[in-house]
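Novice: no sequence on this one, just coordinates:
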């Protein structure tokens, strides 16, 4: 019994072991199940791992393409901005260049704004009663319109900000040109004085304090026409009573040979050599100022420059001021401009300003302009026109091609012959 029980126990033990084995199989089966599940999960993860890099690459490619498009758009915007900036810079340079004519031939002191304002006022008010100052401004605006024929149309089409920018650039060009001419003439005029009067002690252009009425030759040229510089009793040098220098006197340098006739103060006026030299130095060239003695018999400045747009070597010839602003005749306001510049160069004043002691440059400029533009009668007008014609020959030569009418041109032999040949050919064609 014990033995059987032992066997039973052994059987039980075997069953227990088998159960354990079954349990083990079951566990193994569970583990295998879990293993199969884990394998599937791992395979999914691996497959997902393959999918994610592909998606990342697609996203990266998309982002790169998007970035390239954005960069291209930014480059286009930058190019547009640069192009717009370049256009504005070119416009600015163009306005500044055009503005350089304003002080020289339109108005030395009046602003463009004042000229435009007076023209607008007359257009709106239509007031026949005007003052002298208003008439001067209106003539100035008319001169501006002739000098810059594009000004009115362009200005009327602009927005206020753009219009203000244009005026600012024109003013900048006008003032810079006046400054350049002042600097140029300060040296040239004193060099001409040294040479013409054969001075032993030369005037130093960099020492303006030694010029003016403290210098014998400069003082003589600045001396009012009604006074005698050579009179030792004259108190011009120290501006004593009775010898006050104002803009009410014409200086001697304005006259031919720097001398005047008290009984005929118009004779020789505005024919001073140094005045003509100053004019040619500014409007044609400093080298052309060397020849001012001939009465327009020298080389024709205008036609020569037209023919010499390019030299034989192909190098572009620099245009002079008159050619740039298409100026073929000397004008009253340009003479007044040079008269002010010459006086400043001869004076002891070191910086440009409208007042030199008792001398008012603005009033002096207007006095000269009014002499030409407001002649008191027909005979005075005739003398003024004759003087301007003399000036034009002096500066530009005897070129009068621009005065030819279409009728005059048609009657000249070249055109007349061409017309005759055409008529004869038509006659021959029509004949049987």
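Specialist: Thanks, I have the structure now. In this text, all values refer to a predicted model and were calculated from it rather than measured experimentally.
Novice: helices and strands around the helix or strand containing residue 338, which ones?
Specialist: Taking DSSP states H and E as the criterion, residue 338 maps to helix 332-346. Applying 3 or more C-beta pairs under 8 Å, 6 or more residues apart in numbering; DSSP states H and E, one finds that helix 332-346 contacts helix 102-105, helix 160-196, helix 216-222, helix 273-283, helix 361-373. To be clear about C-beta, it is placed using only N, CA and C from the backbone, and glycine gets the same treatment.
Novice: and the longest one, how far out from the chain middle?
Specialist: Centroid separation for helix 160-196 versus its chain: 11 Å, with C-alpha atoms, centre = their mean, to the nearest Å.
Novice: could you give the angle of it to helix 273-283?
Specialist: Counting by axes from the mean of the first three to the mean of the last three C-alpha atoms, to 10 degrees, helix 160-196 lies at 140 degrees to helix 273-283.
Novice: between helix 160-196 and helix 332-346, how many degrees?
Specialist: Helix 160-196 and helix 332-346 meet at an angle of 60 degrees, taking the same axes, to 10 degrees as the criterion.
Novice: ok, and for helix 160-196, which residues are buried?
Specialist: Of the residues in helix 160-196, 165-167, 169-171, 173-174, 177-178, 181, 184-186, 188-190, 192-194 count as buried by neighbour count, 16 or more other C-beta atoms under 10 Å.
Novice: give me the mean pLDDT for it.
Specialist: Averaging pLDDT along helix 160-196 yields 95.
Novice: could you do the last one as well?
Specialist: If you average the pLDDT over helix 361-373, you get 97.
Novice: list the buried ones in that helix?
Specialist: By 16+ other C-beta under 10 Å, the buried positions in helix 361-373 come out as 361, 364-369, 371-373.
Novice: that older thread, partners of the next helix or strand after the helix holding residue 338, with directions?
Specialist: Following helix 332-346 in sequence order, the next helix or strand is strand 355-356 (DSSP H and E). Strand 355-356 has its sheet partners listed here by DSSP bridges as strand 359-360 (antiparallel).
Novice: which outside residues touch the partner strand?
Specialist: 245-247, 343, 354 (C-beta atoms under 8 Å, 6 or more residues apart in numbering).
Novice: correct me, but residue 343 touches residue 249?
Specialist: No - assessed by C-beta atoms under 8 Å, residue 343 is found out of contact with residue 249, at 11.2 Å.
Novice: compare the two (neighbour count), which wins?
Specialist: Taking other C-beta atoms under 10 Å, residue 343 and residue 249 do not tie; residue 343 has more neighbours (23 against 17).
Novice: for the more buried one, give me the pLDDT.
Specialist: On pLDDT, residue 343 comes in at 98.
Novice: shaky segments in the stretch 201-350 of the chain?
Specialist: Within the stretch 201-350 of the chain, the ranges that satisfy pLDDT under 70 run 232-235, 237-242, 294-318.
Novice: which one is residue 276 nearest to, not counting chain neighbours?
Specialist: With C-beta to C-beta, 6 or more residues apart in numbering as the criterion, residue 276 has its nearest non-adjacent residue at 4.6 Å, and that residue is residue 292.
Novice: helix/strand/coil for the one you found?
Specialist: Each residue gets one of three states, and residue 292 gets coil by DSSP: H, G, I helix; E, B strand; the rest coil.
Novice: now do the contacts for it.
Specialist: Neighbours of residue 292 in contact, by C-beta under 8 Å, 6+ apart: 273, 276-277, 280, 394.
Novice: give me the angle between the helix holding residue 338 and helix 361-373.
Specialist: Relative orientation of helix 332-346 and helix 361-373, computed by the same axes, to 10 degrees: 140 degrees.
Novice: which residue sits closest to residue 260, ignoring its sequence neighbours?
Specialist: Per C-beta to C-beta, 6+ apart, closest to residue 260 is residue 225, 4.2 Å.
Novice: then residue 343?
Specialist: residue 251 (6.2 Å).
Novice: is the one you found in contact with residue 220, as I believe?
Specialist: No - Residue 251 lies out of contact with residue 220 (C-beta under 8 Å); the separation is 9.8 Å.
Novice: the more surrounded of the two?
Specialist: Set side by side, residue 251 and residue 220 show more neighbours around residue 251, with 23 against 19, by other C-beta under 10 Å.
Novice: who does the more buried one bridge with?
Specialist: Beta-bridge partners, per DSSP bridges, of residue 251: residue 224.
Novice: which helices and strands sit right next to the strand or helix carrying residue 410?
Specialist: Assigned by DSSP H and E, residue 410 belongs to helix 406-411. When contacts are defined as 3+ C-beta pairs under 8 Å, 6+ apart, helix 406-411 sits against helix 413-430.
Novice: helices and strands around the helix it packs on, which ones?
Specialist: Looks like helix 413-430 contacts helix 406-411 (3+ C-beta pairs under 8 Å, 6+ apart).
Novice: distance from the chain centre to the helix it packs on, please.
Specialist: With C-alpha atoms, centre = their mean, you get 38 Å for helix 406-411.
Novice: secondary structure element holding the residue nearest the centre of the chain?
Specialist: Centroid-nearest residue in the chain: residue 96, 1.6 Å away (criterion: C-alpha atoms, centre = their mean). Assigned by DSSP H and E, residue 96 belongs to helix 2-99.
Novice: could you give the mean pLDDT of that helix?
Specialist: Per-residue scores along helix 2-99 average to 62.
Novice: if we can go back for a sec, now the residue nearest to residue 343: how far from residue 186?
Specialist: 17 Å (C-beta to C-beta, to the nearest Å).
Novice: cool, residue 194 as well?
Specialist: 13 Å.
Novice: got the contact list for the residue nearest to residue 332 when sequence neighbours are not counted?
Specialist: Take residue 332 and drop its neighbours on the chain: the residue closest to it by C-beta to C-beta, 6+ apart is residue 372, 3.3 Å away. By C-beta under 8 Å, 6+ apart, the contact list for residue 372 reads 332, 335, 384, 387-388.
Novice: spatially, which two of those residues are the most separated?
Specialist: 335 and 384 (11.0 Å; C-beta to C-beta).
Novice: about what we covered before: and which of the contacts of strand 359-360 is nearest to residue 148?
Specialist: Nearest to residue 148 among those is residue 354, at 24.1 Å by C-beta to C-beta.
Novice: count of neighbours near the closest one?
Specialist: Quick note: residue 354 (other C-beta under 10 Å) scores 14 neighbours.
Novice: wait, it sits on residue 110?
Specialist: No - the criterion here is C-beta under 8 Å, and residue 354 misses it with residue 110 at 11.9 Å.
Novice: before we move on, back to that, pick the one among the contacts of strand 359-360 closest to residue 415.
Specialist: Nearest to residue 415, judged by C-beta to C-beta, of those is residue 343 at 48.6 Å.
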